[in-house]
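**Student:** Coordinates for the following, if possible.
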Amino acid sequence: MTEMIEAIRAAVADGATPEQKANGAQACRTILAALGAEPGKPIVLPGVPQPHPLAGITADQALALLIARLTTIAEAKETATANTGAPPRQPAAPQIAYVNPPSPPKRATGPAPVRRRPR
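**Tutor:** Below you'll find the predicted structure:
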């Protein structure tokens with residue numbers, strides 16, 4: 001906290017550099033955010049990206065979520081197959097376009113060049 005107060009003092013002093021003013025403004029924002037924070041909740045600083053909501057889950061929780069989602073998808077697929085009576089379609093093989101390499105440039109046709117002997 002002392003560092004932030006010193007940054008603010010330097011920012012409001014005569015002859016403060018733009019960098020000192022920017023540091024002082026950031027210190028003011030940080031103190032304001034700390035004063036407005038609710039107990040037990042993280043402090044939200046302006047301009048700082050927030051963590052992803054799933055950032056705090058364990059690997060076991062992530063696997064449980066994944067299994068639940070895949071189970072839902074599999075059940076929906078089974079229901080669709082049972083309602084139509086047809087077996088599920090296999091995805092089509094990927095179509096690959098074959099491109100021939102460019103042919104070499106053609107030589108100009110005409111009489112052969114005359115070679116002269118050096119003198």
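**Student:** okay, and for the protein, where does confidence drop off?
**Tutor:** Low-confidence segments of the chain, defined by pLDDT under 70, span residues 46, 85-91, 107-110, 112-113, 119.
**Student:** all helices for it, in order.
**Tutor:** Under the criterion DSSP state H, helices of the chain are mapped to 2-12, 18-36, 59-84.
**Student:** Columns mean neighbour count and distance to residue 95 on top of those, output as a markdown table?
**Tutor:** Bear in mind the C-beta positions are built from the backbone N, C-alpha and C, glycine included. Shown next, in a markdown table, are the helices of the chain (neighbours: other C-beta atoms under 10 Å; distance: least, C-beta to C-beta, whole Å):
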| stretch | mean neighbour count | distance to residue 95 |
| --- | --- | --- |
| helix 2-12 | 14 | 62 |
| helix 18-36 | 14 | 55 |
| helix 59-84 | 10 | 24 |
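**Student:** And the ones you listed: which comes nearest residue 42?
**Tutor:** Closest to residue 42 of the helices of the chain, according to C-beta to C-beta: helix 18-36, at 10.3 Å.
**Student:** Let me know the angle separating the closest one from helix 2-12.
**Tutor:** Using axes from the mean of the first three to the mean of the last three C-alpha atoms, to 10 degrees, the interaxial angle of helix 18-36 with respect to helix 2-12 works out to 130 degrees.
**Student:** elements contacting helix 18-36?
**Tutor:** The helices and strands touching helix 18-36, judged by 3 or more C-beta pairs under 8 Å, 6 or more residues apart in numbering; DSSP states H and E, are helix 2-12.
**Student:** for the helix it packs on, packing partners?
**Tutor:** Helix 2-12 sits against helix 18-36, with contacts defined as 3+ C-beta pairs under 8 Å, 6+ apart.
**Student:** any idea how far the helix it packs on is from the chain center?
**Tutor:** 29 Å (C-alpha atoms, centre = their mean, to the nearest Å).
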